[in-house]
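S.K.: structure for this input, please:
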Amino acid sequence: MNDLGGQTLYELLDVPPTATHLAIQRAYERARALYGPESLASYSLLEPDEAAAVSARLEEARRVLLDPDARSRYDARIRPEGEQERRSAREPLAQEPRTRPAPAADIQPAEGSPWTGALLRQVREARGLEIQQVSEKTKLTRQQIQNVEEGRLEELPPRPYLRGVVLSIAGALGLDGPEVARSYLEGVRPAPPGPGRACATAFPRTDRGPPRW
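M.R.: Numbers count the residues shown, from 1 in each chain. Here you go, the predicted model:
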């Protein structure tokens, strides 16, 4: 971590300039775990002012490289002079996709509609998170998260427990947990009893003959 000022943000995170959003997120988390304020390496190897400088530089990398617009401006600033002209003369390299995932903040239910598992999955993907990362944050299993995202009603827990599951997922995604959980539950209807399962409101059988007293 020497010569922080002379490193690009990509070099700081040890990723190439072509790295994906997810690769940058993971690299930041690794670097933060290694050099963050609570890290043993940071405490034992760096002076307080050096540790503070590293922490600030890492936060700059996260803020710039995980924001598409800020990253584009940064790339233009660090690109060697004349490279843009040379690239435009060649066949374009790794162009941006024409359609980008909507920013997480723009993903909301339609007016009058509840939050759904599909919308929660869109937010997760927009934030560059994998199910395993959400699982580690919430202590929920991957299967529980997938059941919520895919709306597998027959696999979901009872409503009181389901509220806690959705609340945890929404919190990990930076959403308003109580509101998302309330809305999600409004859109969930109990699954009908499957074959061989008794329904709580089923009428009693009448083929057993008169009662024995």
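S.K.: give me the next element, helix or strand, following the longest helix seen in the chain.
M.R.: Taking DSSP state H as the criterion, the chain has its longest helix at helix 48-65. For helix 48-65, the following helix or strand on the C-terminal side (DSSP states H and E) is helix 68-78.
S.K.: may I have that following helix exported as CSV, CA atoms only?
M.R.: Output in CSV follows, covering the C-alpha atoms of helix 68-78 (Å, rounded to 0.1, in the frame of the first residue of the first chain):
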residue,chain,number,x,y,z
PRO,A,68,-21.1,4.5,-13.3
ASP,A,69,-21.1,8.2,-14.0
ALA,A,70,-18.3,9.0,-11.6
ARG,A,71,-16.3,6.1,-12.9
SER,A,72,-16.7,7.3,-16.5
ARG,A,73,-15.4,10.7,-15.6
TYR,A,74,-12.5,9.2,-13.6
ASP,A,75,-11.6,6.9,-16.5
ALA,A,76,-11.5,9.9,-18.9
ARG,A,77,-9.2,11.8,-16.5
ILE,A,78,-6.6,9.0,-16.0
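S.K.: by how many degrees do it and helix 48-65 diverge?
M.R.: In terms of direction (axes from the mean of the first three to the mean of the last three CA atoms, to 10 degrees), helix 68-78 departs from helix 48-65 by 110 degrees.
S.K.: quick check: buried residues in helix 68-78?
M.R.: 71, 74 (16 or more other CB atoms under 10 Å). Glycine gets a C-beta too; all of them are placed from N, C-alpha and C.
S.K.: and that helix, what does it pack onto?
M.R.: Helix 68-78 makes packing contacts with helix 48-65 when contacts are defined by 3 or more CB pairs under 8 Å, 6 or more residues apart in numbering; DSSP states H and E.
S.K.: what comes up buried for the helix it packs on?
M.R.: Going by neighbour count (16+ other CB under 10 Å), the buried part of helix 48-65 is 51, 54-55, 57-58, 61-62, 64-65.
S.K.: and these, which is closest to residue 181?
M.R.: Set against residue 181, the nearest of those by CB to CB is residue 62 (28.1 Å).
S.K.: now residue 187: how far from residue 118?
M.R.: 11 Å (CB to CB, to the nearest Å).
S.K.: same drill for the two, tell me which one is more crowded.
M.R.: Remark: of residue 187 and residue 118, residue 187 carries more neighbours, 13 against 10, as counted by other CB atoms under 10 Å.
S.K.: contacts only, for the more buried one.
M.R.: 113-116 (CB atoms under 8 Å, 6 or more residues apart in numbering).
S.K.: tell me the confidence at it?
M.R.: Predicted confidence (pLDDT) for residue 187: 82.
S.K.: which helix or strand in this structure has the lowest average pLDDT?
M.R.: The weakest-scoring helix or strand in the chain, judged by mean pLDDT, DSSP states H and E, is helix 83-89 (a mean of 45).
S.K.: before we move on, back to that, packing partners for the longest helix of the chain?
M.R.: Using 3+ CB pairs under 8 Å, 6+ apart, helix 48-65 sits against helix 9-13, helix 21-35, helix 40-45, helix 68-78.
S.K.: nearest residue to residue 145 other than its sequence neighbours?
M.R.: residue 131 (5.3 Å; CB to CB, 6 or more residues apart in numbering).
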